[in-house]
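*Asks:* quick one: sequence plus predicted model below, questions after.
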Amino acid sequence: MRKWTRKTTVDLVLIVFFSVFCLVFMMPYVRMILDSFKTRVEVMKANTFFPSKFILDNYQSVFEKTPIWNWFLNSLCTSTLVTVVMLFTSSIAGFVFAKYSFKGKQVIFWFIMATMMVPAQTTMIPSFLIIQRLGLYDNLFALVVPSLVGGFGIFLCRQFIEDIPDSMVEAASIDGAGHMRIYFQVILPLIKPALSALAIFTFLGKWNDYLNPLLYLSDTRRMTMPLALSFFTSQRQSDIGAVMAAATLVMLPVTAVFLAFQKQFVRGISITGMK
Amino acid sequence: MKRTIFPYLVLAPLILLLIVFLVLPILGSFVISLLDYNPLRETGNTFIWFDNFKRLLGNELFGISFKNTLTYVFIMVSINLVVTLLIAQLLTTLSSNKWRSLFRVLLFMPCVAPLAAVSVIWQKGILPTKGGLLNIFLSNFGVAPINWLGNASVLMPSLLIVSLWADIGYNIILFISGLQGIPQDYMDAAKIDGAGPIRRFWQVTFPLLGRTFSYVTAMTLISQFQAFAQFSILAPGGGIARAGYVLSTYIYDMGFGNKDMGFASAISLTLFLVILVVTLIQQRVNRVDWGY
């Protein structure tokens, strides 16, 4: 048997404390899932915690009466497209800023960094007018085009690429590798941790965004998941079971991806904190 | 590397995108703030110079939203930092990696959920006066049902609870990785010198955590000033007695509800200025000039 030490007692106390804390903390999830299986009457009465009988009517109603697959695909396509392009633009700009010297480098870099300081609320009105001018209103590209470049990604990639020794880049160059070949074969493989962190942040930010879809989309079928959920909720004020079923379906994809890749998530967030 | 035009070829399209979707909007908001601008109107969108800013001064709703924003951000950031640092410290003390990962994953889960969905769940499942989980729980202690979203004095606390629940996971992870990055030698030295756990925290851990703490504070401040989804869903139009009106929702309502875009731009520039000033003060206060 393991020896009972002071450390074991501290551990035990902490485990019990956090178990209770997390149980309470998870209650909104538990509530959401349980309510999504209740009948309308049972939710209204609100005197049971567990459903007296698990029914699937709420889910059926969401799938039959809403274009939920459209909402899902809208979210998936816009978020994926933005993430892929963002990884490319950030890493190649980071490469240029870290490994090349050219006129105006400092000015351009700080100019890009300064754009990060501005809150979304300050740019949203002119952005809306620009999107309208470009004919992108109520078009999913309105969510994509403005987010293809970002100061945060460029900064993160530059920090990581600066750590790669110049000699490696020079050696590849002497061996006859062109700029793009160096980028793809030397730089990219060495900054994978930064890229996966950036991918997580970009994808989550896009998937969860509420403000931009609210500004740019109006047709129900073109909505992304978060906006669609709040729209659905306002349509079905009293049908809490159906709202909870829709909420569960909205939460499911990101939560599943997170649970599958939790190590990468934690490492990705820690990385951004250190640079 | 030798001089080439490669950097310019790479940066040109990116800078074009940034100019169209970031620089133009920034300049645009300055210009629009000087106009009486309604996008639905064909004529009459004329320069009125600083009249929009003058309107701010006597405007009651602006005053309320401004005060609410500062209150929300200040309380939110303070509680957030204290709670997350405490949880991170306790979780780092835990010697079992398995349990630590489990708790960390659970506490982070709401961070990956859309804030809009989080708001809906709290609105429909936790906060309702009748049948809400919170009131059911409190009734066990003889507390009469509270109208969390319909009572002006508890609306802001409710919004704070929802926002905290949704957001603490990030900072817990950042603090845990910061704490684990502190070299063990310092801790051992302090132990040998006879410092207890609380003294060790304040005199060794906390000062050595300076960089992480400063980063986390800045990020939390900047993101909370822009908090929008939970306010827009749980306190539409500012909620009861406008007790939940913050600048982000006020700007949205003025710009897109009232189509008073000149006025909304003036408010949005004020928000920008407030964020800038607060961040600069924070950077000053939390300045860290050394590393280990």
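*Replies:* On my side now, so go ahead.
*Asks:* would you list every one of the helices in the stretch 1-150 of chain B?
*Replies:* Here the stretch 1-150 of chain B has its helices, by DSSP state H, counting those that start in this stretch, at B:6-18, B:24-33, B:51-58, B:60-93, B:97-112, B:115-121, B:133-139.
*Asks:* report the buried residues of the third one.
*Replies:* By neighbour count, with 16 or more other C-beta atoms under 10 Å in any protein chain shown as the criterion, the buried positions of helix B:51-58 are B:52, B:55, B:56. In this view, the C-beta of every residue, glycine as well, is placed from N, C-alpha and C.
*Asks:* over to the fourth one?
*Replies:* Residues of helix B:60-93 classed as buried by neighbour count (16+ other C-beta under 10 Å): B:62, B:64-66, B:68-69, B:72-73, B:75-77, B:80-81, B:84-85, B:87-92.
*Asks:* can you check stretch B:229-236 too?
*Replies:* So stretch B:229-236, judged by 16+ other C-beta under 10 Å, has buried residues B:229, B:230, B:231, B:232, B:233, B:234, B:235.
*Asks:* show me which residues of the stretch 151-275 of chain A sit near chain B.
*Replies:* When proximity is defined as C-beta under 8 Å from any C-beta of the partner chain, the stretch 151-275 of chain A approaches chain B at A:169-170, A:173, A:179, A:204, A:207-208, A:210-211, A:214-215, A:225-227, A:229-230, A:233, A:240, A:243-244, A:247, A:250-251, A:254-255, A:257-259, A:262, A:265-266, A:269-270, A:273-274.
*Asks:* buried among these? Need that as a selection in PyMOL.
*Replies:* In PyMOL syntax, the buried subset of those is picked out as below (16+ other C-beta under 10 Å):
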select buried, chain A and resi 169+173+179+204+207+208+210+211+214+215+225+226+227+229+230+233+240+243+244+247+250+251+254+255+257+258+262+265+266+269+270+273
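*Asks:* below-threshold pLDDT in the chain: ranges please.
*Replies:* Unless you meant another one, I'm taking chain A. In the predicted model, chain A carries pLDDT under 70 at residues A:1-2, A:274-275.
*Asks:* sorry, I should have been clearer: chain B.
*Replies:* Residue ranges of chain B with pLDDT under 70: B:1-3, B:289-292.
*Asks:* taking the centroid of it, which residue is nearest it?
*Replies:* The centre of chain B sits closest to residue B:224, judged by C-alpha atoms, centre = their mean, with a distance of 1.3 Å.
*Asks:* not counting sequence-adjacent ones, nearest residue to residue B:154?
*Replies:* Nearest in space to residue B:154, with sequence neighbours left out and distances taken as C-beta to C-beta, 6 or more residues apart in numbering or on different chains, is residue B:148 at 5.7 Å.
*Asks:* now that neighbour: phi and psi?
*Replies:* Backbone torsions for residue B:148, taken as degrees, to the nearest 10, come to phi -60, psi -40.
*Asks:* touching, it and residue B:123? I think so.
*Replies:* No. Assessed by C-beta atoms under 8 Å, residue B:148 is found out of contact with residue B:123, at 9.3 Å.
*Asks:* closest point of the stretch 101-250 of chain B to chain A, which residue?
*Replies:* For the stretch 101-250 of chain B and chain A, the shortest gap (C-beta to the nearest C-beta) falls at residue B:131, measuring 2.7 Å.
*Asks:* separation between that residue and residue A:238?
*Replies:* 12 Å (C-beta to C-beta, to the nearest Å).
*Asks:* with residue A:173 instead?
*Replies:* 67 Å.
*Asks:* and residue B:157, by the same measure?
*Replies:* Relative to residue A:238, residue B:157 is positioned 26 Å away (C-beta to C-beta).
*Asks:* now swap in residue A:147 and tell me
*Replies:* When distance is defined by C-beta to C-beta, residue A:147 is 36 Å away from residue A:238.
*Asks:* the more surrounded of the two?
*Replies:* Set residue A:147 next to residue A:238 and count neighbours by other C-beta atoms under 10 Å in any protein chain shown: residue A:147 wins out with 21 against 11.
*Asks:* pull the number of nearby residues for the closest residue to the more buried one other than its chain neighbours.
*Replies:* In this structure, residue A:147 finds its nearest non-sequential neighbour in residue A:82, 4.9 Å apart by C-beta to C-beta, 6+ apart. Counted with other C-beta under 10 Å, residues neighbouring residue A:82 total 23.
*Asks:* mind telling me what element residue A:82 is part of?
*Replies:* Using DSSP states H and E, residue A:82 falls within helix A:68-99.
*Asks:* and that helix, what other elements does it pack with?
*Replies:* Counting contacts by 3 or more C-beta pairs under 8 Å, 6 or more residues apart in numbering or on different chains; DSSP states H and E, helix A:68-99 is packed against helix A:105-115, helix A:141-144, helix A:151-162, helix A:192-208, helix A:225-235, helix A:240-260, helix B:6-18.
*Asks:* need the contact list for residue B:217.
*Replies:* B:77, B:81, B:282, B:286 (C-beta atoms under 8 Å, 6 or more residues apart in numbering or on different chains).
*Asks:* for residue B:6, same thing?
*Replies:* A:96, A:100, A:179.
*Asks:* could you redo the last one with a cut-off of 7 Å?
*Replies:* Going by C-beta atoms under 7 Å, 6 or more residues apart in numbering or on different chains, residue B:6 touches A:100, A:179.
*Asks:* and the gap between it and residue B:195?
*Replies:* Relative to residue B:195, residue B:6 is positioned 56 Å away (C-beta to C-beta).
*Asks:* centre of the chain to stretch A:75-95, how far?
*Replies:* What separates the centre of stretch A:75-95 from the centre of its chain is 12 Å, taken as C-alpha atoms, centre = their mean, to the nearest Å.
*Asks:* next, the buried residues of that stretch.
*Replies:* The neighbour-count check on stretch A:75-95 (16+ other C-beta under 10 Å) flags A:75, A:78-83, A:85-95 as buried.
*Asks:* repeat that for stretch A:127-142.
*Replies:* Within stretch A:127-142, the residues scored as buried using 16+ other C-beta under 10 Å are A:127, A:128, A:129, A:130, A:131, A:136, A:139, A:140, A:142.
*Asks:* quick one: residues in contact with it.
*Replies:* Applying C-beta under 7 Å, 6+ apart, the external contacts of stretch A:127-142 come out as A:74, A:78, A:145-146, A:215-219, A:222, B:20-21, B:24-25, B:39.
*Asks:* which among those residues count as buried?
*Replies:* Buried among those by 16+ other C-beta under 10 Å: A:74, A:78, A:145, A:146, A:215, A:216, A:217, A:222, B:21, B:24, B:25.
*Asks:* which residue is the nearest non-sequential neighbour of the residue of the stretch 101-250 of chain B closest to chain A?
*Replies:* The shortest distance from residue B:131 to any non-neighbouring residue, by C-beta to C-beta, 6+ apart, is to residue A:46 (2.7 Å).
*Asks:* go ahead and confirm the one you found touches residue B:132.
*Replies:* No. Under the criterion of C-beta atoms under 7 Å, residue A:46 makes no contact with residue B:132, lying 8.0 Å away.
*Asks:* the more surrounded of the two?
*Replies:* Neighbours per residue (other C-beta under 10 Å) separate residue A:46 from residue B:132, with residue B:132 holding more: 23 against 18.
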